[in-house]
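Colleague: build the 3D model from these lines:
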Amino acid sequence: MWPEVGHLALIMAAWVALAQAVLPLWGSLSARRAAWQALARPLAVLQLALIVLAFGALWHAFYGHDFSVKYVAQHSNTLLPTPYRLSAIWAGHEGSLLLWALMLALWSMAVATFSKRLPQSLVAQVLGVMGSVSVGFLAFILALSNPFARQFPAPAEGRDLTPLLQDPGLVIHPPMLYMGYVGMSVAFAFAMAALLSGRLDAAWARWARPWTLAAWGFLTLGIALGSWWAYDELGWGGWWFWDPVENASLMPWLVATALIHSLMVTDKRGQFKAWTVLLAIGAFSLSLLGTFLVRSGVLTSVHAFASDPDRGVFILLFLAVVVGVSLSLFAWRAPQWANASQPAAGSRESFLLLNSVLLVVAMAAVLLGTLYPLIIDALNLGKLSVGPPYFDRVFVPLMVPLLLAMVPGTVVPWHVARWAAVRSVVVPGASALLLASAWATWGGAPMAEGATTSGSWLTVMGGTLGGWIALSGAWQIAQRLRQPGAPGRAWWGMHAAHWGVAVLVLGITGVKSFQVERDVRLGLGDSVTVAGVRYQLISVDNHLGPNYLALRAQLKMFEGAPGDEREVGTLQPEKRRYVSSAMPTTEAAIDRNLWRDRYVSLGEPLAGEPPQWRFRVAHKPLVSWIWLGAMFMGLGGALAAWDRRYRQGAVQRTANGVTLGRASVAGQVQRP
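Modeller: The predicted structure follows:
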């Protein structure tokens, strides 16, 4: 009866979410009843407990091979290894929505737990808005996406999990990505609370910043894990494909990054209030749009879930309600927050504004490339595909001025333009240019047939930008450590995140400029040399896995001049065919270190004698820096979110404004 218990728990959770959405909001906006406002926290806790019970019931069904549950039978079987059987809960549409609801309840619980120093009316409004979002998702699950639906008679065996999903990435990537996706609801809820109350000040921005930083960090790591998973699993050797579903997660990340910088200005200077609220609405709305794109069936992608038009219509209507209500409130309140003064040209505010505008423009470019083919198709104007060439030509040029603005945006002071401060980044910039020129000239010396031509101006540009950000950050840290007093975690988090951007840019530049990739035919004993390494095919044998049959090749790697070679390792790429579905997949073999990856994937056998097989052999300099940079960025978000300034004393209202503990927000706004 566990599935019935889980279904009942979801029904009860929906009613609790409805109470959380109505009573605290009504108490804070209409009757001003403290008792109704106080219900927000216990209702959030109760909702989480009920959703955890439902999630546990579904987990029990997967663990116990209960194929009478239709969702279990569609995504599992008795041969599936236990880690994939348990993580298969979120491998399909119904379970992934339940994971979304669980993450939303966890974020609500976090707000209820860590916001005890905030005004009770504000907490009631924030949790009320989050309860409203939860009502929408739980209603969607119960009406159209019930993961506990039964089927009788129960089949003796399930269909198995999609082979592409049988990877360690399935265990951690979706929860991490959803924590970021759903975490944007907290910033959205704070924005809606400000719109409902009509009070948007520096204190609001300070309260919203740690939640936005935490969600942004999770989303950053989730996107990076998805990239790493595709790189490992798909066997194509790339790390980003501009797939529509990849774009669906990139768009809210871009707007959330803009939101973080705009919140900083609102916190420090009291400016950009309306712009900040609009970005908070946009980040969450794009998260909902990504949910619609993945589940509506309008996209063709290896990442998309099985689709149902009714489900797509429901999500689209929900998105329309969220966007319509929030923008209507914004249009009502925004005029009173219009800034009377503009940021001084060359001040930190101006650079942060430029940063956020460029990020939003980049998001719009990605949105256009993702939706334009759908619009053309809907208007019966033909079929059109938008691929990497469009995004490379439109998105990449927008990133160059963005990266150029990063360094002065961390050096120049607030409120005033002091160009003398910019001189402190000239030395790191000149050093980065010299190092990048040397890298482009000698770092890409052709090591094998097919190597990329060295000395590219793109290599110089990418190396200069990445090196400038990294060296400037090191320069600023060295100068700051000479001053009295320890910098806060937010300051360290900013530099860690910017270092992550630098490492990411250098990794992209290295792999784009100097990778060597060859498609070859090899028979037993044949060799191919790529980037100074000789790969020799030793054997191709059958291998029996837990739920698949594999053709496994063994290639030995040798370095050194002929006659003086030494063996440096073995790679074993596979071509798998799963027993239940007979679907083939490619499992690349990768020899990794910090400076390069050696990447080999096995293709199909070729007709003829002696037998030969197709292989893709690649040498990828600095490709691991892409994910290392994302890790630094996530660490930076975590450090900044945990800054002690966000956990100051109880809020007090005085005649002069809002006071947080001992620090006056009004005073902080005027601080240069």
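
Colleague: check which helix or strand residue 585 maps to.
Modeller: Using DSSP states H and E, residue 585 sits within strand 584-587.

Colleague: packing partners of that strand?
Modeller: If contacts are counted by 3 or more CB pairs under 8 Å, 6 or more residues apart in numbering; DSSP states H and E, strand 584-587 sits against strand 574-578, strand 596-606. (C-beta placed from N, C-alpha, C; glycine too.)

Colleague: what are the contacting residues of the longest one?
Modeller: By CB atoms under 8 Å, 6 or more residues apart in numbering, the list of residues contacting strand 596-606 from outside reads 235-237, 519, 521, 531, 533, 535, 551, 553, 555, 557, 569, 571, 573-575, 586, 588-591, 611-624.

Colleague: next SSE after it?
Modeller: Scanning forward in sequence from strand 596-606 by DSSP H and E, the next helix or strand is strand 612-621.

Colleague: and the contacts of that following strand?
Modeller: Strand 612-621 is contacted from outside by 235, 237, 443, 447-448, 510-511, 514-523, 526, 528, 530-531, 533, 535, 537, 540, 553, 555, 573, 595-606, using CB under 8 Å, 6+ apart.

Colleague: drop anything exposed from the contacts of strand 596-606.
Modeller: 235, 237, 531, 533, 535, 551, 553, 555, 557, 571, 573-575, 586, 588-590, 612-613, 615-624 (16 or more other CB atoms under 10 Å).

Colleague: can you pull out the low-pLDDT segments for the stretch 401-550 of the chain?
Modeller: Confidence mapping of the stretch 401-550 of the chain against pLDDT under 70 gives the ranges 416-423, 444-455.

Colleague: break down it into its helices, ranges please.
Modeller: Counting by DSSP state H, counting those that start in this stretch, the segments of the stretch 401-550 of the chain that form helices are 426-438, 457-481, 489-514.

Colleague: any idea how far residue 69 is from residue 154?
Modeller: 8 Å (CB to CB, to the nearest Å).

Colleague: more neighbours, these two?
Modeller: residue 69 (26 against 15; other CB atoms under 10 Å).

Colleague: just to check, that one is in contact with residue 4?
Modeller: No: taking contacts as CB atoms under 8 Å, residue 69 lies outside contact range of residue 4: 10.4 Å.

Colleague: joint contacts of those two?
Modeller: Common neighbours of residue 69 and residue 4, using CB under 8 Å, 6+ apart, are residue 148.

Colleague: look at the residue of the chain positioned farthest from its centre and give its secondary structure.
Modeller: Relative to the C-alpha centroid of the chain, counting by CA atoms, centre = their mean, residue 563 is the outermost residue, at 48.7 Å. In three-state terms, and counting by DSSP: H, G, I helix; E, B strand; the rest coil, residue 563 is coil.

Colleague: of the helices of the stretch 401-550 of the chain, which is nearest residue 395?
Modeller: With CB to CB, the closest approach to residue 395 among the helices of the stretch 401-550 of the chain belongs to helix 489-514: 12.2 Å.

Colleague: next, the angle strand 612-621 makes with that closest one.
Modeller: 130 degrees (axes from the mean of the first three to the mean of the last three CA atoms, to 10 degrees).

Colleague: okay, the angle between helix 489-514 and strand 596-606?
Modeller: 50 degrees.

Colleague: could you number the chain from 129 rather than 1 from now on?
Modeller: Noted, 129 is the first residue going forward, which turns the last one into helix 617-642.

Colleague: apart from its chain neighbours, what residue comes closest to residue 598?
Modeller: Leaving aside its sequence neighbours, residue 598 sits nearest to residue 630 (CB to CB, 6 or more residues apart in numbering; 3.8 Å).

Colleague: thought that neighbour was touching residue 597?
Modeller: Yes: under the criterion of CB under 8 Å, residue 630 makes contact with residue 597 at 3.9 Å.

Colleague: sorry, back to before: count of neighbours near the residue nearest to residue 598?
Modeller: Look at residue 630: counted by other CB under 10 Å, it has 27 neighbours.

Colleague: that one and residue 378, how far apart?
Modeller: Plainly put, residue 630 is 19 Å away from residue 378 if you go by CB to CB.

Colleague: what do you get for residue 192?
Modeller: Going from residue 192 to residue 378 by CB to CB gives 38 Å.

Colleague: these two - which one has more neighbours?
Modeller: When residue 192 and residue 378 are compared for neighbours, residue 378 comes out ahead with 23 against 11, by other CB under 10 Å.

Colleague: would you agree that one is in contact with residue 495?
Modeller: No: if you go by CB under 8 Å, residue 378 and residue 495 don't touch, sitting 9.9 Å apart.
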